[in-house]
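**Student:** Predicted model and sequence follow; I will ask about them next.
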Amino acid sequence: MLIEARPVDDAELGTLITALQRELREAGGGLDPTFGDGAQHLVGVVDGRAVACGALQPLDKQVGAIRRMYVRPAFRGRGIARQMLAALEEMALDAGHVVLRLEAAVYLPAALALLRSAGYGETPAHGFEKRILVAA
């Protein structure tokens, strides 16, 4: 899979975000909240097709938030979400963030399992959080 940065107005990214919103609604949850400027978006491409996305939004100099993570259903179970999460973590390190936060709904058990296995801990205030450090 190729992971590449895309602008927020990219058509393929927009299609993925629309699919994410639809899936969240159908699962009985709310919509992914909109967020402020400064978010950087990544798109995962398999065989020339955009199949996954995610975004990193800076909250402050040391803290970033992962938003809009999504993998098309036909491409799940291939490790794509884990690759996207790793790419977003690398982007966060490059931006100087040492903490990453994100919200994941309880009605998305696969997402919760991924976060836990990737070292994210649950926090009452922020959903999930992970301290990321530069390797020594």
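**Tutor:** Looks like it came in fine. Residues are numbered from 1 along each chain as shown.
**Student:** so where do the strands sit in the protein?
**Tutor:** For the chain, strands defined by DSSP state E occupy the ranges 2-6, 40-46, 49-58, 63-71, 99-102, 121-123, 127-131.
**Student:** For stretch 42-60, measure first residue to last.
**Tutor:** End-to-end distance for stretch 42-60, by Cα to Cα, to the nearest Å: 20 Å.
**Student:** Residue 66: neighbour count?
**Tutor:** Residue 66 has 25 neighbours, counted by other Cβ atoms under 10 Å. No exception for glycine: its C-beta is placed from N, CA and C like everyone else's.
**Student:** That one: what's it in contact with?
**Tutor:** Residue 66 sits next to 54-57, 85, 88, 100-102 when contact means Cβ atoms under 8 Å, 6 or more residues apart in numbering.
**Student:** Low-confidence ranges, the chain, go.
**Tutor:** Within the chain, the segments meeting pLDDT under 70 span 29-37, 134-136.
**Student:** I'd like the distance between the spatially most central residue of it and residue 55.
**Tutor:** The chain has residue 69 as the residue nearest its centroid, 3.2 Å off, counting by Cα atoms, centre = their mean. Between residue 69 and residue 55 the distance, using Cβ to Cβ, to the nearest Å, works out to 8 Å.
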